[in-house]
Each structure stands twice: as C-alpha cells, then as structure tokens.
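Engineer: Take a look and give me a structure for this.
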Amino acid sequence: MSLVRLNIKGISYSQTQNGAYALILNEVDGDRKLPIVIGAFEAQSIAIALEKEISPPRPLTHDLFKNFADRFDIVVKQVIIHKLVDGVFYSSLICERDKIEEIIDARTSDAIALALRFQAPIFTYKNILDKAGIYLKVNPKKEDTNQENEDSILMDELVTNELESDQPKESFKGKSIEELKKLLDEAVANEDYEKAARIRDEISKRE
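Structural biologist: Numbers count the residues shown, from 1 in each chain. Now for the predicted structure:
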C-alpha cells in the first residue's frame with residue numbers, strides 16, 4: 001500500500017463535542033483533508049508545538065518524552081497513521097537508535113505531538129485517506145462522492161463547522177498590544193495554552 005504524506009492544516013475547538021478538538025491534516029500533494037477528533041490536553045500540546053513563540057514554563061509530557069529521547073539518542077523518524085477502525089485512527093512511531101529501527105504503537109494525537117517536536121514527517125496509507133478523507137469546498141452545492149459513508153459525512157460537518165467558526169470564546173479586540181502581551185504571559189504562566197494561542201493569533205493579526 002502506498003503512503004501519502006500529510007501536513008497539519010489547523011486545530012480548533014469542537015462545537016459539536018464537549019471537551020474535544022478537531023485536528024485537520026492536509027494531503028501534501030492533493031486537496032483532501034483528514035479530520036481527527038482529539039482531546040484537550042493533546043490539542044494544547046500540538047498547539048504549543050505549532051506556536052513557536054509560546055514556551056511553557058515547565059515541560060509538558062510530550063516535551064519530557066523528547067528530552068528523554070534526546071538524552072538516549074532515540075530519534076522519531078516518522079509517524080504513520082496505519083489503521084482506521086470504527087472511527088478511531090491507529091498510529092505508529094518509527095524510531096531509530098544505534099541504527100536499529102523500532103516500531104512503537106501510539107495514539108494518533110500523541111504521535112502527531114511527538115512528530116512536531118522531532119520534526120518528523122506524518123504519513124497515512126492511501127486507502128485510509130480514500131475512506132476518511134474529505135474535501136472542504138467553498139461552494140457547498142456540489143456533492144462530494146467521497147462522502148458516501150456516515151462517518152465521513154458526520155466528520156465533514158464537524159470540520160466545516162470548525163473552519164467556519166472564526167470567533168474566539170473571548171474577544172480581545174478592545175485590548176491594546178501591551179495588554180495582550182501581558183495577558184499572553186499570564187496565560188502561559190497559568191498553563192492555559194488554548195487561550196495563549198488565541199491571544200498570540202490576535203497579536204499576529206495586528207502586527
């Protein structure tokens with residue numbers, strides 16, 4: 001089976017599932033998106049790895065794993081999302097130490113959080129992308145033939161809602177740049193990385 005490389009397109013809060021987040025992976029050489037529902041902790045960890053300007057005061061679990069691996073010369077070479085069963089994605093870490101390669105089973109959210117920290121590529125098999133991949137279209141009138149099964153339709157609705165919902169939970173429009181930077185420092189100190197990412201986005205828009 002052929003592998004397809006994926007990039008991270010974005011991550012956002014799920015309005016349809018309490019406490020859940022939608023992680024959107026994008027086909028590198030195509031237009032399909034692979035949406036994956038993940039938990040709050042993993043979402044924060046991935047968001048921090050994506051947002052270079054946010055540095056947690058203490059290492060998160062995935063940072064600890066990276067520090068441990070660095071100390072013992074273990075490298076995560078790539079992540080492969082290799083199976084989809086009942087809407088759950090299964091992944092593997094392809095690791096190497098002393099030129100010996102090992103395959104370690106991992107939750108997809110953890111695997112991607114680690115891939116970001118090791119700057120490792122993310123892959124999935126073509127048949128998984130054929131089954132669960134979706135097209136997010138500007139014109140919703142045209143039906144997508146890939147969305148024949150119920151799981152894909154439900155996931156498409158979830159992801160479309162996420163990408164169309166640009167309003168944050170808390171508005172920062174009335175704050176000055178200086179106030180936003182102070183709020184950013186406070187959010188990071190309180191380990192509220194979701195809020196910190198939203199503040200960072202607001203600062204970036206103004207700068």
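
Engineer: Contacts only, for Ser92.
Structural biologist: For Ser92, the contacting residues are Val79, Ile80, His82, Ile103, Ile104, Asp105, Ala106, Ala111, by Cβ atoms under 8 Å, 6 or more residues apart in numbering. Heads up, the C-betas are built off the backbone N, CA and C, glycines and all.

Engineer: element containing the fourth one, please.
Structural biologist: If I follow you right, that is Ile103. Using DSSP states H and E, Ile103 sits within strand 100-107.

Engineer: Pull the residues that contact that strand.
Structural biologist: Glu42, Lys77, Val79, Tyr90, Ser91, Ser92, Leu93, Ile94, Cys95, Glu96, Leu114.

Engineer: Help me confirm that Phe65 comes into contact with Leu114.
Structural biologist: Yes: under the criterion of Cβ atoms under 8 Å, Phe65 makes contact with Leu114 at 6.3 Å.

Engineer: Between these two, which has more neighbouring residues?
Structural biologist: Leu114 (26 against 19; other Cβ atoms under 10 Å).

Engineer: Show the low-confidence segments of this structure, by residue range.
Structural biologist: Scanning the chain with the threshold set as pLDDT under 70 gives 14-19, 53, 136-170, 193-194.

Engineer: show me what contacts the residue most central in space within it?
Structural biologist: Closest to where the C-alpha atoms of the chain average out (Cα atoms, centre = their mean) is Leu23, at 4.2 Å. The contact partners of Leu23, by Cβ under 8 Å, 6+ apart, come to Ile8, Ile11, Pro35, Ile36, Val37, Ile38, Ala43, Ile46, Ser109, Ile112.

Engineer: Asp110: neighbour count?
Structural biologist: 21.

Engineer: what's it in contact with, if anything?
Structural biologist: Counting by Cβ under 8 Å, 6+ apart, Asp110 touches Glu42, His62.

Engineer: rerun that using 7 Å as the cut-off
Structural biologist: By Cβ atoms under 7 Å, 6 or more residues apart in numbering, the residues touching Asp110 are Glu42.

Engineer: how far away is Pro57 from Thr108?
Structural biologist: 27 Å (Cβ to Cβ, to the nearest Å).
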